[in-house]
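Participant: This is a predicted model, with the sequence first.
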Amino acid sequence: MVLQTRRKSGLDTEVVRRGCVRTLGNLGVFLPLLLALARQWRLGTLRELIVLGDGADWIWKLVATYFPHVVPFLNFRHMTGHLWNVAHAMHGPGSGASQAWVQQAQWDLKHDLVQSFLLVAQPGTYRFLSLIVACIGCSQR
């Protein structure tokens, strides 16, 4: 889905145009549809292009290949799933400490306090953290 917004005072105020591609087919079916939409919308010429994804590697690889100027974002629901993986690795499944950690991490990330969130990393959780960091656009490019 592609959305064009109207801005006022630096904020998006309304959606003025929408576009979408969808298929039940595989990537070989989806990619030509996506590239046609990208040409129609001239996505390669935009100053700002944001992609919201679920964290799947294939999405980020596709975006990096065809839209290298994009800003990737992991949607909040899927990010929360990754946060739970980190919490369980640090504190064990079902613990109060896991729940408290996820709630604090969600608050930090909602309020753009990524550095605060990263400071709580502990050894043994880096494989999960690197996934989250890459998905929220903080990884090195």
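Facilitator: Right, received. Where do you want to start?
Participant: and residue 68, what helix or strand is that in?
Facilitator: Counting by DSSP states H and E, there is no helix or strand that carries residue 68.
Participant: ok, it - contacts?
Facilitator: Applying C-beta atoms under 8 Å, 6 or more residues apart in numbering, we find residue 68 in contact with no residue. Where you see a C-beta, it was placed from the backbone N, CA and C, and this is true even at glycine.
Participant: What of residue 37?
Facilitator: 2, 19-21, 43.
Participant: Helix or strand: which one has it?
Facilitator: Going by DSSP H and E, residue 37 is in helix 27-41.
Participant: For that helix, what does the pLDDT average out to?
Facilitator: Helix 27-41 carries an average pLDDT of 90.
Participant: Check stretch 44-58 too.
Facilitator: Mean predicted lDDT for stretch 44-58 stands at 79.
Participant: Would you mind pulling the contact partners of it?
Facilitator: Contacts of stretch 44-58 (C-beta under 8 Å, 6+ apart): 27, 38, 43, 59-60, 63, 67, 69-75, 78-79, 82, 131, 135.
Participant: ok, 7 Å please
Facilitator: 27, 38, 43, 59-60, 63, 67, 69-75, 78, 82, 131, 135 (C-beta atoms under 7 Å, 6 or more residues apart in numbering).
Participant: low-confidence ranges in this protein?
Facilitator: The chain contains residues with pLDDT under 70 at 113-141.
Participant: how about the helices in it?
Facilitator: 27-41, 57-66, 76-91, 96-110, 114-119, 126-135 (DSSP state H).
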